[in-house]
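> I need the structure of the sequence given here:
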Amino acid sequence: MTVISGCMMMVAYDNAAFNYKSNEIRYLLVNATTRRDADRNIVGVVGVAQDVTESRKNDRAVAAMANELRQFVDTANAPIFGIDVDGHVNEWNDKTAEITG
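Numbering: from 1, shown residues only. Next up, the predicted model:
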């Protein structure tokens, strides 16, 4: 929960998991806030939910591919290194370190 002001409260649930009737799990980004009357009594809640299931799946797939690539580079039997736009070596694998000391 995040307090926005002394009288208004906003609740945000990041990627709350919901199990649908089909037993499919969907992930939702949920935001809600209280509605108050003139005396600042809570009279309701207003909220919105956004389905972020596909985005979450894509994020996991990209992270898995990045991890596989990192493992490939780290275990390669050849020197592999990266150079930034200024010409500085900023990344290297174990074989590069072994050869260059």
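> Could you pick out the longest helix of this structure?
Determined from DSSP state H, the single longest helix within the chain is helix 53-75.
> Next secondary structure after it?
Proceeding N to C from helix 53-75, the next assigned helix or strand is strand 81-83, under DSSP states H and E.
> Any buried residues in the longest helix of the chain, and which?
Neighbour counts over helix 53-75 (16 or more other CB atoms under 10 Å) mark residue 73 as buried. All C-beta spots, glycine's among them, are computed from the backbone N, C-alpha and C.
> what do you get for stretch 87-101?
Residues 92-93, 95-96 are the ones in stretch 87-101 that count as buried (16+ other CB under 10 Å).
> Check what contacts it and list those residues.
73-84 (CB atoms under 8 Å, 6 or more residues apart in numbering).
> what's the closest of the buried residues of stretch 87-101 to residue 69?
Of all these, residue 69 sits closest to residue 93, with 11.3 Å by CB to CB.
> per-residue pLDDT, the nearest residue to residue 74 once chain neighbours are set aside?
Among residues not flanking residue 74 along the chain, residue 93 sits closest, at 5.3 Å (CB to CB, 6 or more residues apart in numbering). Note for residue 93: predicted pLDDT of 91.
> Over to residue 58?
Residue 58 is given a pLDDT of 93.
> picking up where we left off before, now intersect the buried residues of stretch 87-101 with the strands, please.
Of the buried residues of stretch 87-101, the ones assigned to strands by DSSP state E are residue 92.
> Tally up the residues packed near residue 46, please.
The number of residues packed around residue 46, counting by other CB atoms under 10 Å, is 10.
> quick one: it from residue 100, how far?
Applying CB to CB, to the nearest Å, the value for residue 46 to residue 100 is 60 Å.
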